[in-house]
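Build me a structure from this.
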Amino acid sequence: MPSQPLTFIPLKRRLPHELLRRGHSSSSSSCDTLLFLYGEVVSSGAERAMVARRFQVRHGGADFEVDYDTDDGLEVFRYQLFSLTAIPPDEQRIVGDGDDRVVSEDSDLAAVAGRLRLVSIDEAGGGGGGGGGGERAADQGAGSSAEMLKSDEELARLLQAEEEALLLQQFVVGESSAQMEERLRPYINQVRQYEDPKAQEAARKTVPMDELEEKALVSLAKVGNFKPSKGERDLAFLIQLLYWFKRSFSWVNAPPCEGCGSETAAQGMGRPLPSELLHGGSRVEIYRCKRCSRITRFPRYNDPVKLLETRRGRCGEWANCFTFYCRAFGYESRLVLDFTDHVWTECFSVHLGRWMHLDPCEGVYDKPLLYEKGWNKKLDYAFGIAIDGIYDLTKRYTKKWHEVLTRRNLITETSLSAVLAKLTKECRGSFTSQVLSALEDREKRELEAIERNLHAADDASVSLPGRQSGDKEWRISRSETGPDDNGSLSCSSCPVRVCFDEHVTKIYGAFSPILSLLADNSVTKFRALQVFETFREPLEKMRRSSFKTRRVSLDSASIGTPSFVHQLLPSFSELLNALSLKCEHVDGKIDISLAGDPVKTSLALPVVLDALEDMVHNLRQSDHFGSDVLSLPLLKSNRIHSGSVLASGEELPLGIATAAFDGTRETKWEEPNGGRGCWIMYKVLDGKMKELVAYELMSANDAPERDPMNWVVEGSSDGGSSWHVLDEQTSQLFKNRFERRTFKIKTKAPASNAFRFRFLAVRDVQSTSRLQLGSIDLYARCS
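Residues are numbered from 1 along each chain as shown. Reported below is the predicted structural model:
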């Protein structure tokens, strides 16, 4: 913060809400704006004397000294605290540090204690259940400290730039209000098509709802949430709907030849046929086959129901159809139109208490700065079109509003506001007064949140990718590839994440009684393989069935004689318990069905199937089968679980650090900048001391050049303050994908409560900057 008073150029318009809330007063003369700066006054008029008192305010473990004129009252004092802590005045609770007396409007600031404590309403347990509180909390989540807000001096410069851009705008506008209205009005009719109940039912029938619901619930279970609220379930389902749509819809650069399937070349535009016009295909692109010269038509359909059938297009068709899907599943949705040639979706999340950005073309959600920061787009106008009106959302998608204003030269801001108000009023013509009041209240909160976020500092640790949809040459021609074109949505400042992987340890351990029984009965290697293969088949079938009603039957004769089956089945009970399954043996049939929470079964099934495949592989690699081979890698006992993980970097959202400990091949940890060195640290639950005896690493699904080649494993007996070397490996090569390598600790080392892998180089550091791993498993000495 500046130690001297700052000088600002007087602004002849109302200051934005954000600057007023940073400890400044907006009282002014007829032509100048007065700014309060941390107890000092900057004005074009005479300065007044201050009667200051020094308060020491404690918040979030930090102390702030505040020199304040007590005559200004509590409201201005709250604004000054907001400038230091980023807690909005209406969410502040100020109490005496010694007597816990709440400072209120009636309090005499000259008489209250000099030491105060500040907490937000949410921290104090009074967060309320309204959407506005959730929106404010979510908006402040990225930065609740003064460092996350831009300096007052910079804000003033930005405001001055905005003022100049608005002044210039008066002279360069290129459209009338009528032209802007004509441009936006068709989109109102577009989104009204989403409200047809029969069309929505047709849309839902094309979606594998059971599969997406299962994936949504598993994603919550992976972070320990087995009893999510409806809002949490809805949000998780929406994200899975986005991923599914990304996989199922096709991007069209140039359509393949309808005759021979070969590549085609653009020939210009054609006249639409009546059948194409019927579904909004007023624009038709014409292509000629490079091989057989046949003509292929590509109508750009606007009918969302028709798009359910064609399932292809570019960003217009993608966003149109995806927004329709969102409405079909009951989400409040907006089709977002960007005048620099892109379209995406917004949905309102009840759980977050705010609107959320979703781009179906990119498969990215809740990253509104994707276009400006990742694609390097020069935005001008972004409008959200919904059944309740049209919203100017441009400020949500920029941190450079002063620059954006210089490009908003189609219409003056005043005229634009009038056009949007007119169209929105038409959309709401049939709404009840109660609905209108709720909409207006939520819109006010949204605008306040957008204004706050506009001047909040960006999270520099998150790297946003350039555009991934579309032909590369086309993306390059539009300058939308971003700085590295690697498609990486990554984070270099990872949070500490907790592993919810106790089920993995239970599954690994549950194979012990099965293997021991087979070894004790002198079962041959071939017979042991047959038993595991026979057991795997019904589990594979169960995995493909509906997750809420899973049940399979197995002919016991396929396992062996009745006496052998009778002896063997009890040894599987521990494994079935780990899967939340139960088993009944009746009349030569073995029935396996759900025994508890189906989500726990969904979470565990991929783990056990991958473990069975590893088991079969290890058995085939061994010379024989017997009690002498019941150790790693065949028998995986005493796996460490439920710790916390921190890494040097991670890929968002699917390549996060905990993915290395979830026991499945479906996921991986990916460090975008780890090719030449990175680390991942694991802290044992409750700081318990463990002696590491072995660990396993598994290669990921693709890109062998990203495999680790050289690394050091270290342990710490003091939670990570100091480290001792446990193992070092160099020139290690993974020959196959999903290859699991076991490394035993050869030297006696002290017990540790934290472990760290320092990966020094990947297999081919010249061709990649990334490191990736399918899994890490740590094994402790049995106590």
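
I'd like the mean pLDDT over stretch 304-317, please.
Stretch 304-317 carries an average pLDDT of 97.

Oh, that last question was meant for stretch 282-300, not what I typed.
So the average pLDDT for stretch 282-300 ends up being 97.

next one: stretch 752-770
The model assigns stretch 752-770 a mean pLDDT of 97.

same check, this time on stretch 774-783
Mean per-residue pLDDT for stretch 774-783: 94.

Please measure how far the first residue of it sits from its last one.
28 Å (Cα to Cα, to the nearest Å).

Only the buried residues of that stretch, if you could.
In terms of neighbour count (16 or more other Cβ atoms under 10 Å), stretch 774-783 has its buried residues at 774-780. C-beta: built from backbone N, CA, C; applies to glycine.

Which ones among those map onto strands?
Judged by DSSP state E, strands contain the following of the buried residues of stretch 774-783: 775-780.

Tell me where the stretch 201-350 of the chain has helices.
In the stretch 201-350 of the chain, the helices defined using DSSP state H, counting those that start in this stretch lie at 209-221, 230-248, 274-277, 304-310, 315-328.

Which positions in the stretch of helix or strand residue 528 belongs to come out as buried?
If you go by DSSP states H and E, residue 528 is part of helix 525-544. For helix 525-544, burial by neighbour count (16+ other Cβ under 10 Å) applies to 525, 528-529, 531-532, 535-536, 538-539, 542-543.

can you check stretch 457-464 too?
Using 16+ other Cβ under 10 Å as the test for burial, stretch 457-464 gives 458, 462-464.

one step back: including pLDDT, could the buried residues of helix 525-544 go into JSON lines?
Supplementary listing: the buried residues of helix 525-544 in JSON lines, determined by pLDDT from 0 to 100:
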{"residue": "525", "pLDDT": "94"}
{"residue": "528", "pLDDT": "94"}
{"residue": "529", "pLDDT": "94"}
{"residue": "531", "pLDDT": "93"}
{"residue": "532", "pLDDT": "94"}
{"residue": "535", "pLDDT": "91"}
{"residue": "536", "pLDDT": "94"}
{"residue": "538", "pLDDT": "93"}
{"residue": "539", "pLDDT": "95"}
{"residue": "542", "pLDDT": "96"}
{"residue": "543", "pLDDT": "96"}
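
can you list those in JSON lines and add distance to residue 211?
JSON lines is the format used below for the buried residues of helix 525-544 (distance: Cβ to Cβ, whole Å):
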{"residue": "525", "distance to residue 211": "37"}
{"residue": "528", "distance to residue 211": "34"}
{"residue": "529", "distance to residue 211": "31"}
{"residue": "531", "distance to residue 211": "30"}
{"residue": "532", "distance to residue 211": "27"}
{"residue": "535", "distance to residue 211": "24"}
{"residue": "536", "distance to residue 211": "21"}
{"residue": "538", "distance to residue 211": "20"}
{"residue": "539", "distance to residue 211": "18"}
{"residue": "542", "distance to residue 211": "14"}
{"residue": "543", "distance to residue 211": "11"}
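
And the strands in the stretch 601-750 of the chain, which stretches?
Shown for the stretch 601-750 of the chain, the strands assigned by DSSP state E, counting those that start in this stretch span residues 644-647, 650-651, 669-671, 678-683, 692-698, 708-716, 724-729, 740-744.

for the ones you listed, which one sits closest to residue 769?
Closest of those to residue 769 is strand 669-671, at 9.2 Å (criterion: Cβ to Cβ).

Direction included, what does that closest one pair against?
Neighbouring strands of strand 669-671 in its sheet, by DSSP bridges, are strand 771-773 (antiparallel).

Just the residues contacting the partner strand, thanks.
Contacts of strand 771-773 with the rest of the structure, by Cβ atoms under 8 Å, 6 or more residues apart in numbering, involve 655, 660, 668-671, 674-675, 678, 697-700, 703, 706-708, 759, 762.

let's go with 6 Å and repeat that
Here strand 771-773 makes contact (Cβ atoms under 6 Å, 6 or more residues apart in numbering) with 660, 668-671, 674-675, 678, 700, 706, 759, 762.

Which two of those have the greatest separation?
Once Cβ to Cβ is applied, these give 660 and 675 as the farthest pair, at 16.8 Å.

which of the two has more neighbours?
More neighbours surround residue 660 than the other of residue 660 and residue 675, with 28 against 23 (other Cβ atoms under 10 Å).

Can you give me the pLDDT of that one?
Predicted confidence (pLDDT) for residue 660: 98.

Quickly list what the closest residue to it other than its chain neighbours is bridged to.
In space, residue 660 comes closest to residue 669 once its chain neighbours are excluded; the distance is 3.9 Å by Cβ to Cβ, 6 or more residues apart in numbering. Beta-bridge pairing for residue 669 (DSSP bridges): residue 773.

ok, residue 407 to residue 481 distance?
The gap separating residue 407 from residue 481 is 21 Å, by Cβ to Cβ, to the nearest Å.

before we move on, back to that, return the member of the buried residues of helix 525-544 nearest to residue 307.
Using Cβ to Cβ, residue 543 comes nearest to residue 307 of those, at 31.5 Å.

on that earlier part again, settle this for me: the residue nearest to residue 660 is touching residue 661, isn't it.
No - counting by Cβ atoms under 6 Å, residue 669 does not reach residue 661; the two are 8.5 Å apart.

Tell me which of the two has more neighbours.
The residue with more neighbours, out of residue 669 and residue 661, is residue 669; 28 against 25, by other Cβ under 10 Å.

For the stretch 101-250 of the chain, give me the ranges with low pLDDT.
Scanning the stretch 101-250 of the chain for pLDDT under 70 picks out 120-156, 167-172.

how about 90 then?
In the predicted model of the stretch 101-250 of the chain, residues 101-176 satisfy pLDDT under 90.

So for the helix or strand containing residue 186, what gets flagged as buried?
Assigned by DSSP H and E, residue 186 belongs to helix 177-192. The neighbour-count criterion (16+ other Cβ under 10 Å) identifies 177, 180-181, 183-184, 187-188, 190-191 as the buried residues of helix 177-192.
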